[in-house]
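Peer 1: This is a predicted model, with the sequence first.
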Amino acid sequence: MRCVRVFCVAFVLAAVLASPSVVPPARAVAQQEDRQAVLEIINRARSQNGVGPVAPNAVLERAAQRRADEMAARGVVDAPRADDNEAVAAVAAAGYPAWRSGARVAGELAYASKSGFALAPDAFLDQERQRRVLIERRYREIGIASAVASGPGGPTTYWALLFGAEPNVLPIFLNDGAGVTSDPVLAVRLSQEEVVPAGEGATIVGHIVDVKFSQSPQFEGAEWQAWAPLIPFALEGTPGVRTVYAQLRDGAGRATVSAASIVFDPRSRATAQPVGPGSEVTPIPDLATPAAPTAIPTSIQGVAPTPTPALPIAVITLSPGSVVATPNLPAAIAAGPTPVIAAPRPAPSLTPPPGRPAPQANREGEVILGVAIVAQLVILAVIGRRIASRRAAGS
C-alpha cells in the first residue's frame, strides 16, 4: 500500500513539473511570429502609403524587447502616446546614436493579439497618432520584438515596434528586401537623409545627391550617378550570396557606405521582379525631386514630424545612357573623403532569424518533461523489484 502511495505522489509531482503553467508567462525568447514576416507587413504598409521601407536594427530591437516584456508582464498593451518622448528616451537608454546637435528621432507602436500580426497595420492606420508613426518618412530603421503571456482564451502575443534614424546610416534594399533573385539585374531602393538634410561637420552626410554601386567595398571602377529612389544594378559572377555596396555622397562631398545582400540563384522561382534598364520605375512620392536643405533645430526630441503630403506618384523611365552626370564639384570634393562604412545587412539565411525560437528552442520544458518521465520509470522499477521480492519470499 505504501508503494502505491509513493507512486501516486511521484506521478503527481512529475505532472506538476511537466505542466506548462510553471513556465513564466512572458518569455523574451518565445517569439511567436517571424520578425521577418512582421517587417514585410510593416514595409508593405509603408509602401502602400508612399514612404520607403525600414531596415532592422539590433539596438532598436533590444529596446523593443524590453517594452514587449513589460507589456506581457502587465498583461496590458500600451496606449498610443501623445508624443515621441518616451520612445526617444527608450532608444537613448539602449545606446541608439544621436546627431552631434542632439537631434534624435524615434517612434513606437504597440499591438497585442491572440491570432497574429497580419491585422496590425489596419489598426495602426485607423488611429491618427499611430498612423503618423507608421508612415513617418524620416524613419529608416526598426526594432521588432514580441513576448507572450498566458490568460483567458489562450496566450496573447504583445508586439513592440521602435522606429528610428541615425547619422550616416542610409540603408539600401535589393528588390525591396527579397532574399533570393533569379535575375542578375536588381532594383536597388535607396534611403535619403530626411532628419538633418544639411548634414553635420566634415563627416555626417546631409541630403544625398549622387551614388555609386559596386560588389566590392573598394568600389574599383565604379562611377558616380545621380541619386534616385530606385536604380537598377546588374550583378556579376556566379550564383551564390552577393553583396551590393552603395556609396552615397551629399552636395558637400561627405560620403557614407551602405550594403545589402541577396542570394542569386538562376534556378529559383523568386516572385520579386527586379527593374532593369528601360523599365518604368515608380519612385516614392516627393523623393524624385530632392528638396533644398532646410534649417534643423538643435534638438527635435518630442517634436511631431511633418505629415506626409499626399502627392501624385511620378513615373520615370530608366534606360541605358539616361543617368545624369555627377554635379560639377571642386576637385577635392569630387575625390570624396574617406567614407564612413556602415555594417552590411546580413545575408539571407534559411535558419530562423534572431529572436525566433527554432523548433528545438523550448528546451526547458523538454528537460523538465524528460526528468519527470525518468523519475516515473525509476519508481516503477523499484515497485516492480519489491513486488518480485515479496512474491519470492512468499513462495
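Peer 2: Ah, there it is. This structure is a prediction, so every number in the text was calculated from the model and none was measured. Numbering: from 1, shown residues only.

Peer 1: which residues does the residue nearest to Asn168 when sequence neighbours are not counted bridge with?
Peer 2: Residue nearest to Asn168 in three dimensions, not counting chain neighbours: Thr256, with 4.3 Å by CB to CB, 6 or more residues apart in numbering. For the C-beta atoms, the positions are set from N, CA and C on the backbone; glycine is no exception. Here Thr256 shows beta-bridge partners Leu248, Val340, assigned using DSSP bridges.

Peer 1: same question, the one 5 residues further on
Peer 2: Beta-bridge partners recorded for Ser261 (DSSP bridges): Thr243.

Peer 1: Below-threshold pLDDT in the stretch 51-200 of the chain: ranges please.
Peer 2: The stretch 51-200 of the chain contains residues with pLDDT under 70 at 80, 82.

Peer 1: would you list every one of the helices in it?
Peer 2: 58-74, 85-93, 120-125, 128-134 (DSSP state H, counting those that start in this stretch).

Peer 1: Reformat the ones you listed as CSV; add mean neighbour count and distance to Arg100.
Peer 2: Output for the helices of the stretch 51-200 of the chain, formatted as CSV (neighbours: other CB atoms under 10 Å; distance: least, CB to CB, whole Å):
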stretch, mean neighbour count, distance to Arg100
helix 58-74, 21, 18
helix 85-93, 19, 15
helix 120-125, 18, 32
helix 128-134, 18, 25
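
Peer 1: nearest to Ile41, of those helices?
Peer 2: When the helices of the stretch 51-200 of the chain are compared for distance to Ile41 using CB to CB, the nearest one is helix 120-125, at 6.2 Å.

Peer 1: Counting by contacts, list what that closest one packs against.
Peer 2: The helices and strands touching helix 120-125, judged by 3 or more CB pairs under 8 Å, 6 or more residues apart in numbering; DSSP states H and E, are helix 35-48, strand 105-113, helix 128-134.

Peer 1: looking at the helices of the stretch 51-200 of the chain, which is closest to Trp99?
Peer 2: Nearest to Trp99, of all the helices of the stretch 51-200 of the chain, is helix 85-93, at 12.4 Å by CB to CB.

Peer 1: about what we covered before: my guess is the residue nearest to Asn168 contacts Ile172, does it?
Peer 2: No: assessed by CB atoms under 8 Å, Thr256 is found out of contact with Ile172, at 11.1 Å.
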